[in-house]
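Novice: missing the sequence, but the structure's below:
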C-alpha cells in the first residue's frame with residue numbers, strides 16, 4: 001500500500017508535469033500560433049527565413065556577394081551590384097510562393113547548391129509545406145492514421161471541400177505531381193539537347209525597340225546532356241509549380257525557345273502551367289471520377305471542380321481576345337512604334353513561320369499570366385492595353401488550393417455572378433443548379449476589396465519610395481502596378497524593375513508574394529484570436545443607405 005507521503009509526492013509530480021506541459025503549450029502557442037491560419041502564417045515565415053539564410057551563405061553564391069542584374073548584358077559595370085540579405089529574403093519568398101520575381105540572374109549568381117535550395121523552396125511551396133510535413137510524418141506512423149487537427153491544416157493549405165478526403169487527395173496528388181515533373185523534365189532535357197536554341201542579344205538601342213533577337217551563339221546546354229538534364233528538371237518543377245524561375249544562360253526566360261519548332265516546347269510548358277494552376281482538388285476529383293467510372297460507379301463532379309475548370313479557361317480565353325485585340329489596334333494606329341503584328345522581321349525575332357510564331361507568342365504570354373511567370377519577350381514592349389489586361393489576369397490568379405496566387409478564379413466568378421444577379425433582381429447566387437452560401441459571397445467580397453486596397457497601397461508606396469533617390473530611376477505607375485500584381489498573383493512576370501526597387505519597395509513586394517501564397521482569407525484570419533471578445537453579442541438591426 002502507498003503511504004500518504006508517497007501519494008502526496010506522486011500528486012505533486014503529476015501537478016508539476018501538468019504545469020510544465022501547460023507552459024510548453026503556451027510557449028508553442030506564442031511561437032507557432034493557436035489557430036490554423038496563425039500556424040500556417042508563422043511556419044511559412046520561418047521556412048522562408050531559413051531559405052533566405054541558406055541563399056545568403058557564401059557557398060550558395062558563384063561570385064561572392066556580387067550578382068548579375070540583366071542576363072543579356074555582361075557581368076560588369078552597372079550590371080553588377082552587391083548582394084544583400086534583403087535580396088536573399090526576396091528570392092526565398094519568391095521561390096517559396098512560386099512567384100519568379102528576382103533581383104538577380106539565377107544561373108550566374110548562384111552555385112548548384114544555391115540553385116538546389118531554390119528548387120526545393122519552389123517544390124515545397126508548390127506542394128505545400130504542411131502537406132509535405134504530414135506526408136513524411138505519416139511514413140513513420142500508421143499510413144492512413146490522420147487526426148482531426150492534421151486534416152484541418154491540410155484542408156486549409158491544399159485540401160478540397162470535403163475534410164475527410166484531404167489527406168488521401170494530397171497523397172495521391174503529390175505522387176502524380178512528382179511523376180509528372182520527372183517525365184516532363186526528361187522531355188525538356190532531350191529537347192534542349194537535340195534542338196538548337198540561340199543566346200539573346202541586348203536591345204539595339206536608340207529608337208529601335210524590338211524584342212531581343214537571336215545571336216549566332218548557341219545556348220551552353222546544347223549537346224551537353226548533363227546540363228540539359230539539370231535545367232530540364234529545374235524547369236519542369238518551376239513550370240508545374242507555376243514559379244517562372246529559369247537557369248538558362250545567355251537568354252531571358254524562354255526567349256530562346258519562342259520560334260518555329262520550339263513552340264512545341266512552349267506547348268509542353270503550357271500543359272504544366274495549366275495542371276499546376278487548376279490545383280490538387282480538381283486533379284483528385286477527376287482521378288476519382290475516372291476510377292469510379294471504370295468500376296461502373298456513377299459519381300457527380302463537385303461544384304468546385306466545375307467552377308474551377310470553367311472559370312480558369314474562360315478567363316484565359318477572355319484574356320487572349322483582349323490581348324490580340326489591343327495588340328492589333330496598337331499595330332494599326334501606332335505604326336511608328338513597335339508592335340508584334342507589324343514588326344518587319346528584320347532581325348529574325350519571329351523565325352521562319354512568322355505568322356504562327358507571332359500568334360503563339362501572344363498565346364504563351366497570356367497563358368503564363370495565369371501564374372507561371374515564364375516569358376518569351378520583354379513585357380516592356382507590350383502596348384498599354386495588353387499590360388492592363390495582364391494586370392487583371394495576374395490579379396485574379398488561378399484556382400484555390402493550387403500553386404497560383406491572386407484572389408483566385410472562384411472568388412472572381414462568385415463576385416461576377418453576384419453582381420449580375422443583383423442587376424436582374426435575384427437575391428441568391430447560384431451556379432450549375434447549386435446555391436452558393438451567403439457567407440461565401442460575403443467572404444469573396446471581403447477578399448476582393450482587401451486585395452484591391454493592398455495592391456493599390458503597395459503600388460503607390462513603391463512609386464513614392466523611388467522619388468528623391470538620385471541613383472534610382474523613376475517608374476511609371478503602370479510599371480509598378482505590373483510588378484505589384486505579378487507579386488500578388490505569384491506570377492513573376494516583370495517589366496524589368498525588380499532589381500532597381502528600393503529595399504523598402506522589395507519588402508512591400510515580399511508582403512504581396514507572401515499574402516498571394518498564403519491566401520487573403522488565411523492572412524486575415526491569422527490575426528484573429530481563437531475566441532474574439534464580443535463575438536456572441538447581437539445588437540438590434542437598423543437599415544442604412546448605401547451607394
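Specialist: Received the coordinates, thanks. Here the structure is a predicted model, which means the values were calculated and not measured.

Novice: Identify the residues contacting stretch 55-68?
Specialist: Contacting residues not belonging to stretch 55-68 are listed as 54, 75, 79-85, 87-88, 91-92, 103-105, 108-111, 113-114, 117-118 [C-beta atoms under 8 Å, 6 or more residues apart in numbering]. All C-beta spots, glycine's among them, are computed from the backbone N, C-alpha and C.

Novice: residues in contact with the helix or strand harbouring residue 388?
Specialist: Residue 388 belongs to helix 384-396 when assigned by DSSP states H and E. With C-beta under 8 Å, 6+ apart as the test, helix 384-396 has contacts from 315-316, 319, 322-323, 325-327, 329-330, 365-366, 369-371, 379, 382, 406-409, 412, 451, 455, 478, 481-482, 485-486, 488-489, 491, 493, 495.

Novice: Please state the backbone phi and psi of residue 254?
Specialist: Main-chain torsions, residue 254, degrees, to the nearest 10: phi -100, psi 20.

Novice: Thought residue 246 was touching it, still the case?
Specialist: Yes. Judged on C-beta atoms under 8 Å, residue 254 makes contact with residue 246 at a distance of 7.0 Å.

Novice: List buried residues within the contacts of helix 384-396.
Specialist: Buried members of these, counted by 16 or more other C-beta atoms under 10 Å: 315-316, 319, 322-323, 326-327, 330, 365-366, 369-371, 379, 382, 406-409, 412, 451, 455, 481-482, 485-486, 488-489, 491, 493, 495.

Novice: about what we covered before: so how far is the next helix or strand after the helix holding residue 388 off the chain centroid?
Specialist: For helix 384-396, the following helix or strand on the C-terminal side (DSSP H and E) is helix 409-424. In terms of C-alpha atoms, centre = their mean, to the nearest Å, the centre of helix 409-424 is found 24 Å from the chain centre.

Novice: buried sites along helix 409-424?
Specialist: 409-415, 417-418.

Novice: Give the residue spans of the protein that score low on pLDDT.
Specialist: 1-34, 140-167, 202-213, 334-349, 468-473, 529-538, 543, 545, 547 (pLDDT under 70).

Novice: what about the longest helix in it?
Specialist: Longest helix in the chain, counting residues (DSSP state H): helix 303-333.

Novice: I'd like to check the angle between the helix or strand following it and helix 303-333, please.
Specialist: As assigned by DSSP H and E, the chain's next helix or strand after helix 303-333 is helix 354-367. Here the directions of helix 354-367 and helix 303-333 differ by 130 degrees (axes from the mean of the first three to the mean of the last three C-alpha atoms, to 10 degrees).

Novice: and helix 354-367, what does it pack onto?
Specialist: helix 262-278, helix 303-333, helix 384-396 (3 or more C-beta pairs under 8 Å, 6 or more residues apart in numbering; DSSP states H and E).

Novice: If you count neighbours, what's buried in the last one?
Specialist: Put plainly, it is helix 384-396. For helix 384-396, by 16+ other C-beta under 10 Å, it's 386-396.

Novice: ok, these vs residue 122, which is closest?
Specialist: residue 394 (18.3 Å; C-beta to C-beta).

Novice: Not counting its neighbours along the chain, what's nearest that closest one?
Specialist: The shortest distance from residue 394 to any residue other than its chain neighbours is 3.7 Å, reached at residue 489 (C-beta to C-beta, 6 or more residues apart in numbering).

Novice: mind checking how far the one you found is from residue 360?
Specialist: 23 Å (C-beta to C-beta, to the nearest Å).

Novice: most centrally placed residue in the protein?
Specialist: The geometric centre of the chain, computed from its C-alpha atoms, lies nearest to residue 490 (C-alpha atoms, centre = their mean), at 3.2 Å.

Novice: I'd like to check which residues are in contact with that residue.
Specialist: With C-beta under 8 Å, 6+ apart, residue 490 has these contacts: 97-99, 242, 371, 397, 403-406, 513, 516-517.

Novice: export those residues to JSON lines and tack on distance to residue 198?
Specialist: Shown next, in JSON lines, are the contacts of residue 490 (distance: C-beta to C-beta, whole Å):
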{"residue": "97", "distance to residue 198": "32"}
{"residue": "98", "distance to residue 198": "29"}
{"residue": "99", "distance to residue 198": "28"}
{"residue": "242", "distance to residue 198": "27"}
{"residue": "371", "distance to residue 198": "28"}
{"residue": "397", "distance to residue 198": "33"}
{"residue": "403", "distance to residue 198": "31"}
{"residue": "404", "distance to residue 198": "32"}
{"residue": "405", "distance to residue 198": "33"}
{"residue": "406", "distance to residue 198": "34"}
{"residue": "513", "distance to residue 198": "32"}
{"residue": "516", "distance to residue 198": "34"}
{"residue": "517", "distance to residue 198": "35"}
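
Novice: List just the nearest of the residues you listed to residue 130.
Specialist: Within the contacts of residue 490, distances to residue 130 taken as C-beta to C-beta reach their minimum at residue 517, with 12.4 Å.

Novice: returning to that earlier point: with distance to residue 126 added, can I get the buried residues of helix 384-396 in CSV?
Specialist: Output for those, formatted as CSV (distance: C-beta to C-beta, whole Å):
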residue, distance to residue 126
386, 28
387, 27
388, 28
389, 26
390, 22
391, 24
392, 24
393, 20
394, 18
395, 20
396, 19
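
Novice: Residue 302: which of those is nearest?
Specialist: The closest of the buried residues of helix 384-396 to residue 302 turns out to be residue 396 (C-beta to C-beta; 21.0 Å).

Novice: and that closest one, how far is that from residue 131?
Specialist: 24 Å.

Novice: Check residue 61 too.
Specialist: Taking C-beta to C-beta, one finds residue 61 at 31 Å from residue 131.

Novice: what do you get for residue 102?
Specialist: Residue 102 is 25 Å from residue 131, by C-beta to C-beta.

Novice: swap in residue 283?
Specialist: For residue 283, the distance to residue 131 - C-beta to C-beta - is 14 Å.

Novice: Mind checking which of the two has more residues around it?
Specialist: For residue 283 and residue 131, the more surrounded residue by other C-beta atoms under 10 Å is residue 131, and the numbers stand at 24 against 20.
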